[in-house]
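Peer 1: attaching a predicted model along with its sequence, questions to come.
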Amino acid sequence: MADGVERISSQDLSKLMNVTASQIRQDFNNFGGFGQQGYGYNVEYLYNEIGKILGLDQKHNFIIIGAGNLGRALGNYMNFERRGFLFKGMFDMNPDLIGMDVRGVTVMHTDELEKFIRENEIDIAVLTIPKTGAVAVAEKLVQYGIKAIWNFAHVDLKVPAGIQVENVHLSDSLMKLSYNLNRYNEEQNQ
Ligand code: NAI
């Protein structure tokens, strides 16, 4: 869309995405299909419809728990707003960090969590704290009304059914890179 392309075939999408054209058509068909036979896909329509499926047509307020290196890096990343994720608050238990400014958001003490979540319609919490405290913090977040947790702590959280948790392990991506690197090197040496 940014390149001014108005219409695209599953073949052309396949070349861009390294996925077969039939896989793309099959995936789209799971959501009812978005194209006409022989016409391809209208790019803007596709973009908007996929956005709706992902819930990106709605706004989500999020907070970050843990104002360390990772929490601050995420808080400073502007592009979440462009996708409708609004950075509303940041919390830590270290008194030295309270009052610090991260892109216009003032770090607060975790004692303020309940009040803040209830008063600001926060639905997503990002957990960037060590695994030791993460399970207990997640339990409290759910109690205070959080509906979804983006979990960077290296621990499985115990949450009730209906609460969405997405675990992130950056090392997964690094291992994938390592696998591809090794595979490429092996192919070159054959
Ligand atoms: P950091 O030490 O810079 O920051 C952690 C912050 O959490 C500190 O400010 C600390 O005061 C705060 N904190 C600790 N317990 C807390 C609690 N119960 N409530 C509120 N705040 C609390 O560490 P960094 O580098 O920001 O990493 C944070 C965590 O994320 C680490 O445990 C690390 O293992 C994990 N991590 C996960 C990655 C992933 O791919 N999933 C990648 C990088 C880090």
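Peer 2: Thanks, I have it.

Peer 1: give the full set of residues in contact with the residue of the chain found nearest the ligand.
Peer 2: Per C-beta to the nearest ligand atom, Gly68 is where the chain lies closest to the ligand, at 1.7 Å. C-beta: built from backbone N, CA, C; applies to glycine. Taking C-beta atoms under 8 Å, 6 or more residues apart in numbering, we find Gly68 in contact with Asp92, Thr128, Ile129.

Peer 1: if we go to 7 Å?
Peer 2: Thr128 (C-beta atoms under 7 Å, 6 or more residues apart in numbering).

Peer 1: do you know the pLDDT at it?
Peer 2: If you check Gly68, the pLDDT there is 98.

Peer 1: same check, this time on the one 4 residues further on
Peer 2: pLDDT for Arg72: 98.

Peer 1: quick one: what helix or strand has it in it?
Peer 2: helix 69-75 (DSSP states H and E).

Peer 1: any idea how far that helix is from the middle of the chain?
Peer 2: Centroid separation between helix 69-75 and its chain, computed with C-alpha atoms, centre = their mean, to the nearest Å, is 14 Å.

Peer 1: helices of the chain, start to end?
Peer 2: Secondary structure of the chain (DSSP state H): helices at 10-17, 21-29, 43-53, 69-75, 79-82, 113-119, 131-143, 170-189.
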